[in-house]
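In: How does the following fold in three dimensions:
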Amino acid sequence: MSPNIELDSCLSVSIFGYTIISSTEFIHKIVYCSNIYKIDSNHGKLIRTDEWCAPEVACFPRYSTFHPSAKILYVNNENSSNLNVFRYDAEKGTIERICMYPLLDKDPGLIDGKPVGAQDILAHPGGKTLYCSLIGLNLIIVCRLDEQGLPSVVQRLSCRGVLPRSLALSPDRRFLLCGNMLSGDITVFAADEEGLLQDTGQTVKAVSPSAMKFS
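Out: Residues are numbered from 1 along each chain as shown. Prediction:
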């Protein structure tokens, strides 16, 4: 590859069924497998550098986010409450799954005929906290991240709505908003300096909120 290729510093595109998220030099794409692509800005091309396919049947990797250090990649699953954690080699553009972390203490089984699975995932810019939303149980899961970026659950909160499709952290990092698609509302949680949440009790009506983002 030509040494003068310029790399985009940011790219984030979400489409139902797959996600593309960038770290500084590479982007990650999910279509029930996980692929890493390098961005060739000069030629308008994506160059695939790695692929990982989930060995678990029908777990359907859904959304992903990088740790702010860009050394760890987190990928949730549409049909599973487990979180995939990958070590990310920025120089080679490769990923290696280092663990599959359970977000619940036990498998709740089917709820209304469907497995409990993930919707949105969001890494706190401070690098110490990760947020995940789970449908079926309608929960917001808060994970503490250690120095290696590995998660451990510290909070499980009701989203106070149905189908928590989207999470958004305010620019000042003081509030986390949860867009609940089926109940048609946005619930507001206060975040402390470490990213831990407290329910404010505030709810704002909205029409099928999804893919929220602060400007």
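In: Against Val207, how distant is the residue most central in space within the chain?
Out: Among the residues of the chain, the one closest to the centroid is Ile121, at 2.4 Å (Cα atoms, centre = their mean). When distance is defined by Cβ to Cβ, to the nearest Å, Ile121 is 23 Å away from Val207. Backbone N, C-alpha and C define where each C-beta goes, glycine included.
In: lowest average confidence, helix or strand, in this structure?
Out: Of all helical and strand segments in the chain, the minimum by mean pLDDT, DSSP states H and E falls on strand 12-15, at a mean of 28.
In: Just give me the neighbour total for Asp112.
Out: Neighbour count of Asp112, defined by other Cβ atoms under 10 Å: 5.
In: what about it, distance to Arg173?
Out: 35 Å.
In: What strands flank the helix or strand containing Ile141, and is each parallel or antiparallel?
Out: Ile141 is part of strand 139-145, with elements assigned from DSSP states H and E. Paired with strand 139-145 in the same sheet, following DSSP bridges, are strand 129-134 (antiparallel), strand 151-158 (antiparallel).
In: looking at those strands, which is buried most?
Out: strand 129-134 (a mean of 25; mean count of other Cβ atoms under 10 Å).
In: who touches that one?
Out: Strand 129-134 has contacts (Cβ atoms under 8 Å, 6 or more residues apart in numbering) with 65, 74, 76, 81, 83, 103-104, 116-124, 139-145, 151, 159, 164-167, 169, 176, 178, 194-196.
In: Same question for stretch 193-204.
Out: 124, 126, 128-129, 131, 140, 142, 144, 154-155, 157-158, 160-161, 173, 175-176, 185-192.
In: could you dump the strands paired with strand 139-145 to TSV with distance to Ala54?
Out: Listed next are the strands paired with strand 139-145 as TSV, based on distance: least, Cβ to Cβ, whole Å:
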stretch	distance to Ala54
strand 129-134	17
strand 151-158	18
